[in-house]
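Visitor: predicted coordinates and the sequence they were generated for:
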Amino acid sequence: MKTPAHILELLHKAEKNGADLSSPKSVVTYWLTLGEKENILWFYKPNSVEFDFDKYTRAVREMKERKSD
C-alpha cells in the first residue's frame, strides 16, 4: 500500500522538528501537538485499536527514500 503524500509530508515535518522517527510514540506525540488525530488513525489496523508498526516503518522508509531522491 502506498503511503498518502500528506502522511509523508507530516513525517518529514516531524523529523525536521526533532521527533525521533525510530519511535512512533515520539511522532504521535508531535502530531498530537498539531491536532493531527485523523492522520494518526491511518496507522491503526482496520477495525482495531492496535497500532500497525509495520505500516509505520514502511511509511518512514518511503519518506526517507523520497527525501534522498
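Guide: Yep, that arrived. On a predicted model such as this, the values are computed, not experimentally measured, just so you know.
Visitor: tell me the secondary structure of the residue nearest the centre of the chain, please.
Guide: Closest to where the C-alpha atoms of the chain average out (C-alpha atoms, centre = their mean) is residue 11, at 5.0 Å. Of the three states, residue 11 takes helix under DSSP: H, G, I helix; E, B strand; the rest coil.
Visitor: where is the longest helix in the chain?
Guide: helix 53-68 (DSSP state H).
Visitor: can I get the CA coordinates of that helix in CSV?
Guide: Extracted in CSV, the C-alpha atoms of helix 53-68 (Å, rounded to 0.1, in the frame of the first residue of the first chain):
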residue,chain,number,x,y,z
PHE,A,53,4.1,-0.8,13.5
ASP,A,54,4.9,-2.4,10.1
LYS,A,55,2.8,0.3,8.3
TYR,A,56,4.6,3.0,10.3
THR,A,57,8.0,1.6,9.5
ARG,A,58,7.1,1.3,5.7
ALA,A,59,5.9,4.9,5.7
VAL,A,60,9.1,6.2,7.4
ARG,A,61,11.2,4.2,4.9
GLU,A,62,9.2,5.6,2.0
MET,A,63,9.6,9.2,3.3
LYS,A,64,13.3,8.8,3.7
GLU,A,65,13.7,7.3,0.2
ARG,A,66,11.7,10.2,-1.4
LYS,A,67,13.7,12.7,0.6
SER,A,68,17.0,11.2,-0.8
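Visitor: pLDDT averaged over it - what is it?
Guide: Regarding helix 53-68, the rounded mean pLDDT is 93.
Visitor: one step back: contact partners for the closest residue to the residue nearest to the centre of the chain other than its chain neighbours?
Guide: Distance criterion C-beta to C-beta, 6 or more residues apart in numbering; nearest residue to residue 11, sequence neighbours excluded, is residue 63 at 4.4 Å. Every residue, glycine included, has its C-beta placed from N, CA and C. Residues near residue 63 by C-beta atoms under 8 Å, 6 or more residues apart in numbering: 3, 8, 11-12, 15.
Visitor: what about residue 21, distance to residue 59?
Guide: 10 Å (C-beta to C-beta, to the nearest Å).
Visitor: which of the two has more neighbours?
Guide: residue 59 (23 against 18; other C-beta atoms under 10 Å).
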